[in-house]
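> Just a sequence and a predicted model for now, questions to come.
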Amino acid sequence: MAKTKSVPMRMCIACREMKPKKEMFRVVKNADGEIYADVTGKAPGRGAYICNADECRKKLNDKKLLHKVFSTNVSDVVYKGVEEKTLEK
């Protein structure tokens with residue numbers, strides 16, 4: 001009997017849907033308070049996940065969701081970087 005491997009699930013901060021971690025894009029706030037797009041998905045720190053849906057990217061920017069998730073002001077440069085990286089994925 002083969003043991004099935006569990007798939008790690010994460011919630012999108014925009015649509016609030018649970019999806020497999022590999023389909024999501026991670027934004028991280030490290031111990032120094034720096035917020036950046038985590039292309040590896042393994043950087044240390046508090047992570048927030050966004051899926052690749054156009055509506056979610058739009059909602060992320062329009063409602064400034066990273067401000068709420070990380071409880072701090074996040075520069076537009078970070079939002080632009082996240083949008084560019086999610087389009088690449």
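Structure's in. What do you need? Fair warning: this is a prediction, and the values are worked out from it, not measured in the lab. Numbers count the residues shown, from 1 in each chain.

> Return the set of buried residues in the longest helix seen in the chain.
In the chain, assigned by DSSP state H, the helix with the most residues is helix 76-88. Residues of helix 76-88 classed as buried by neighbour count (16 or more other Cβ atoms under 10 Å): V78, Y79, V82, E83, K85, T86. C-beta: built from backbone N, CA, C; applies to glycine.

> Same question for stretch 54-68.
Neighbour counts over stretch 54-68 (16+ other Cβ under 10 Å) mark C56, R57, K59, L60, N61, L65, L66 as buried.

> State the pLDDT value of the second one.
At R57, the pLDDT value in this model is 90.

> Can you pull the phi/psi pair for it?
phi -60, psi -40 (degrees, to the nearest 10).

> which residues touch it?
By Cβ atoms under 8 Å, 6 or more residues apart in numbering, R57 lies in contact with A14, I50, V82, E83, T86, L87.

> P8 versus that one, what's the distance?
22 Å (Cβ to Cβ, to the nearest Å).

> before we move on, which element is A37 in?
Element membership for A37, per DSSP states H and E: strand 35-38.

> typo on my end, C15
Using DSSP H and E, C15 falls outside every helix and strand.

> list the contacts for the spatially closest residue to it that is not a sequence neighbour?
Closest residue to C15 apart from its sequence neighbours, by Cβ to Cβ, 6 or more residues apart in numbering: C56 at 5.3 Å. Taking Cβ under 8 Å, 6+ apart as the contact definition, C56 lies against C12, A14, C15, I50.

> repeat that for 10 Å
C12, I13, A14, C15, R16, E17, M24, F25, I50, L65, T86 (Cβ atoms under 10 Å, 6 or more residues apart in numbering).

> Who wins on neighbours among those?
Most neighbours among those, by other Cβ atoms under 10 Å: I50, with 26 neighbours.

> Would you mind writing the CA trace of the worst-scoring helix or strand of the chain on mean pLDDT as CSV?
Every helix and strand of the chain was ranked by mean pLDDT, DSSP states H and E. The lowest is helix 76-88, at a mean of 86. C-alpha atoms of helix 76-88 as CSV (Å, rounded to 0.1, in the frame of the first residue of the first chain):
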residue,chain,number,x,y,z
ASP,A,76,4.3,50.6,-4.7
VAL,A,77,7.6,49.1,-5.9
VAL,A,78,6.8,45.9,-4.0
TYR,A,79,3.3,45.8,-5.5
LYS,A,80,4.7,46.3,-9.0
GLY,A,81,7.3,43.6,-8.4
VAL,A,82,4.7,41.1,-7.2
GLU,A,83,2.5,41.8,-10.2
GLU,A,84,5.5,41.3,-12.6
LYS,A,85,6.6,38.1,-10.9
THR,A,86,3.0,36.6,-10.9
LEU,A,87,2.7,37.4,-14.6
GLU,A,88,6.0,35.4,-15.3
